[in-house]
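A.B. asks: No letters, just coordinates:
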């Protein structure tokens, strides 16, 4: 099957920076597994979108960007909150993989400790293409659409995502 | 996006009967989500293969069968063992879908109770194309390869699946 | 408040034998807490009805039987499957109680081991007034209504309980 | 049965504002289910009282206020922390209900998203009749009794609740 | 520290066969970790004794047998029921170890698959020195004391273990 | 067996203050159970070390300090996050004990509420011998070794604990 890459994120939401990462990994790997972490959560400030919504965002963005979907498997992975067994847990959900692409220190550390090869990702304009920044802009009514693929905007609109995020900041019970 | 179908199973392992079902659904739906249930389990008699192994079985079989992978999303879903909330749980993992394809009475019942359209699947030679029968044949050394796509046989061989299944019947702790 | 009794059961479904027990306990206790165990389960062969359905069965039956509802608190309690801490778990859900009424050997044992007073219940015609027997009759189309308060029959009818139980015996995934 | 209302809260503790809400709902609904959320927690800063203690607070306050207990069912509901399936979860614990009474934005949002009718509650002097404010007063030795029904004060005294809350602010492990 | 051996079992109860295994491992290893599996369970037919009771059985038996306790660490390990991550889970509880001693096919398989060295244990008279057989004898009133170290008999007597096991076979709710 | 003491902590890491406590308890108790709480966690800012690593720290420190290991049982205990049943949970993991040694207000409160005898521990220079302070020093490159037994320094070095802790403060996902 050639080289299988693994890219782990929460994608709350999937933005143009993530899209660039996928494009860049596909110049090096023959197949790519995109692992959608914290998959059981949604409707919280940090995780407003469901796993299903996030998978739709990713697939439709890749389709529009002419990235060949048949080379890509998108796999939701629930959190287990026990870091020591996290790599074994991820591995059971994704089958064979050869390289992990990640800039997150903890993710990199845990995979390296388990003997897996980890490569950093050239990440373009990290401070702007940030899901945290995008959720902040949505909350405060600033322009967030410019940071997202059009397909993601459509998913957010179709589930009334703006209202959902604002509502999550009015509740006591986030 | 047209009609999105949902097909739920455990695929322990994915066999030629499942492949026929996928082919048949794709004549009616524009996109298909294959939900791999009981995704957290493996190395048990009823669930010998990991979610990752099962996803590989499905993707490689579809690829060999020239079924267009870009129309298909394979999504592992962990069990929650609380039937009343199972449909809401599945829905959060798969996003939008229009029809569920299933012959299982409980699956059909729960989706219908939740107001979802369910259609039966024409299932060819059900008594032979059965994952239970295949696991039995593997255990007893009978011919099991004839019931599986070649890609599935390769995955099983690559993870020493025959030995794994036999071992699971020698332990006290299944 | 006088003497508070605790009566623990799964009530799948609540039948005339249970009703007799409640009546009999109320001759001895001033208040009664009816704990509905295994509250998170439903739609299984052993636990076909939800906690909400079971609470409705109990309340409507008591109302019809002119048993004063203001003396009774019906409290669902989820299973925890760790017997050693089960009494502490139940206690946190029910507040103060003075006596446990039970004929089940394990329930009695665990409460006694924790220092709680347990009294047996005079249980009339135990082999017939049995939830297991009632579920069997429903499944096999025999007369089950004679063993239940009319209000319970109504709840079962309103949720299509007969079909639900039959369906649970046709699935592979009980 | 007429209209069944559902009122969801944590009731840490049940105060005079809650009591007014109950009274007000009963002018519109024929039966009321009071759902005691986060039922598995206690002995934490945010959830000092057990489900059992909270049920006792509610029942005794209603009894003293001459609110007919036979129209009311108090049901503890454990948290599941997965918002998308929370409505299905609550529904399985409470059976049939027609209207949800709530001012919490998230609660309202989730029930509305699931197609349930939600009505706001006229809530008198919200900033004072607040469980957070009451726990603060208890901690700092200010007058908290004026905000609570007398029956709730009695429950708190009988379990040494003042000492419990103060102790919870001295530990490192809240 | 020399060679650290790991011996995994449920020890329901710890018997003379287990004691022989410990003695035999200590001829090969410098330290021994005895992992008490299924540690969260007790008061069930398969797991009648708590983790705490089992640790007491082991420590007192080793002390009486003059096996140097300072070479031994007894560590309870809760089940996780997800076999693929079980080795990582056990490893996080026991720290460094060099060899696993086991005759169980699944245990051996999972550790070997994870790259750990596994050695079989010479197990004397396996059909008699069996925890299942001992629980059967206790239940049926046959002689079980001859199969156990005296210290284990004392622990069983002190917790009324015979009555506990008999009771577990009279309940419906094992 | 004489008096059995129970000493509960997280030991992240085990330091010279803890060692003094152990020494001091052993002047009053004949056996000591050291319960290592939050045993399932590791690789977080508050819980950087695994249960296995913490057990090794404790055993090797006691061995070096000539404290007789045969009088001591080190038992990891997973958190359950439900305080009301925590004492029953701990008890099932540790068997018989007579006195709890603790300065933590919540631990003391919960054991006392359950009727267990609790004694405070004379704790020397609490503000310096503090695991929080030690983790802070490790993070900021100050001298932390002076606060730990040499054996603990060795364990930390052997698992690259300094790098692990620093990395945990660079990740977003603590």
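C.D. replies: Perfect, I can see it now. Bear in mind the structure is a predicted one, so any value in this text is a computation, not a measurement.
A.B. asks: So the residue of chain A found nearest chain C: helix, strand or coil?
C.D. replies: Minimum separation of chain A from chain C (CB to the nearest CB) falls at residue A:40, amounting to 16.6 Å. To be clear about C-beta, it is placed using only N, CA and C from the backbone, and glycine gets the same treatment. Going by DSSP: H, G, I helix; E, B strand; the rest coil, the secondary structure assigned to residue A:40 is coil.
A.B. asks: Verify the contact between it and residue D:82 for me.
C.D. replies: Yes. In this structure, residue A:40 sits in contact with residue D:82. The criterion is CB atoms under 8 Å, and the distance is 5.4 Å.
A.B. asks: about what we covered before: which residue is the nearest non-sequential neighbour of the residue of chain A closest to chain C?
C.D. replies: Closest residue in space to residue A:40, ignoring its immediate chain neighbours: residue A:78 at 4.5 Å, by CB to CB, 6 or more residues apart in numbering or on different chains.
A.B. asks: How about the contacts made by the residue of chain A closest to chain C?
C.D. replies: By CB atoms under 8 Å, 6 or more residues apart in numbering or on different chains, the contact set of residue A:40 is A:51, A:78-79, B:78, B:92, D:82.
A.B. asks: Quickly name whichever of those is closest to chain E.
C.D. replies: residue B:78 (9.7 Å).
A.B. asks: Surely the closest one is in a helix?
C.D. replies: No. Looking at residue B:78 with three-state DSSP, it is coil, so not inside a helix.
A.B. asks: Report whether the longest helix along chain A contacts chain B.
C.D. replies: Once chain A is assigned using DSSP state H, the helix that runs over the most residues is helix A:51-64. Yes. For helix A:51-64 and chain B, the contact criterion (CB under 8 Å from any CB of the partner chain) is met by A:51-53, A:55-56, A:59, A:63.
A.B. asks: picking that back up, shared neighbours of residue A:40 and residue D:82, anything?
C.D. replies: Going by CB under 8 Å, 6+ apart, residues that sit against residue A:40 and also against residue D:82 are residue B:92.
A.B. asks: Could you check how far residue A:44 is from residue D:106?
C.D. replies: Taking CB to CB, to the nearest Å as the measure, residue A:44 falls 9 Å from residue D:106.
A.B. asks: Next, the buried residues of the lowest-mean-pLDDT helix or strand in chain A.
C.D. replies: Counting by mean pLDDT, DSSP states H and E, the weakest-scoring helix or strand in chain A turns out to be helix A:105-113, with a mean of 91. Of the residues in helix A:105-113, those scored as buried under the neighbour-count criterion (16 or more other CB atoms under 10 Å in any protein chain shown) are A:105-111.
A.B. asks: Closest one of those residues to chain B?
C.D. replies: Sorting these by distance to chain B puts residue A:111 at the head of the list, at 15.2 Å, by CB to the nearest CB.
A.B. asks: Could you pick out the residues of chain A near chain E for me?
C.D. replies: Contact residues, chain A versus chain E (CB under 8 Å from any CB): A:82, A:84-85, A:87-89, A:91-92.
A.B. asks: With pLDDT as extra columns, can I get these in JSON lines?
C.D. replies: Conversion of the residues of chain A next to chain E to JSON lines gives the following (pLDDT from 0 to 100):
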{"residue": "A:82", "pLDDT": "80"}
{"residue": "A:84", "pLDDT": "82"}
{"residue": "A:85", "pLDDT": "89"}
{"residue": "A:87", "pLDDT": "93"}
{"residue": "A:88", "pLDDT": "92"}
{"residue": "A:89", "pLDDT": "93"}
{"residue": "A:91", "pLDDT": "94"}
{"residue": "A:92", "pLDDT": "94"}
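A.B. asks: Tell me the one of those nearest residue A:13?
C.D. replies: Using CB to CB, residue A:89 comes nearest to residue A:13 of those, at 24.0 Å.
A.B. asks: mind listing what the closest one touches?
C.D. replies: Residues in contact with residue A:89, defined by CB under 8 Å, 6+ apart, are A:77, A:80, E:82, E:84-85.
A.B. asks: repeat for residue A:87
C.D. replies: Residues counted as contacts of residue A:87 (CB under 8 Å, 6+ apart) are A:110-111, A:113-114, A:116, E:88.
A.B. asks: Switch those over to JSON lines; also include distance to residue F:123.
C.D. replies: Compiled in JSON lines, these are given as follows (distance: CB to CB, whole Å):
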{"residue": "A:110", "distance to residue F:123": "35"}
{"residue": "A:111", "distance to residue F:123": "40"}
{"residue": "A:113", "distance to residue F:123": "34"}
{"residue": "A:114", "distance to residue F:123": "38"}
{"residue": "A:116", "distance to residue F:123": "43"}
{"residue": "E:88", "distance to residue F:123": "35"}
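A.B. asks: any idea how far residue A:74 is from residue A:32?
C.D. replies: Taking CB to CB as the measure, residue A:32 and residue A:74 are separated by 9 Å.
A.B. asks: Then residue A:128?
C.D. replies: When CB to CB is applied, the distance between residue A:128 and residue A:74 equals 24 Å.
A.B. asks: more neighbours, the two?
C.D. replies: Higher neighbour count among residue A:128 and residue A:74: residue A:74, with 24 against 13, using other CB atoms under 10 Å in any protein chain shown.
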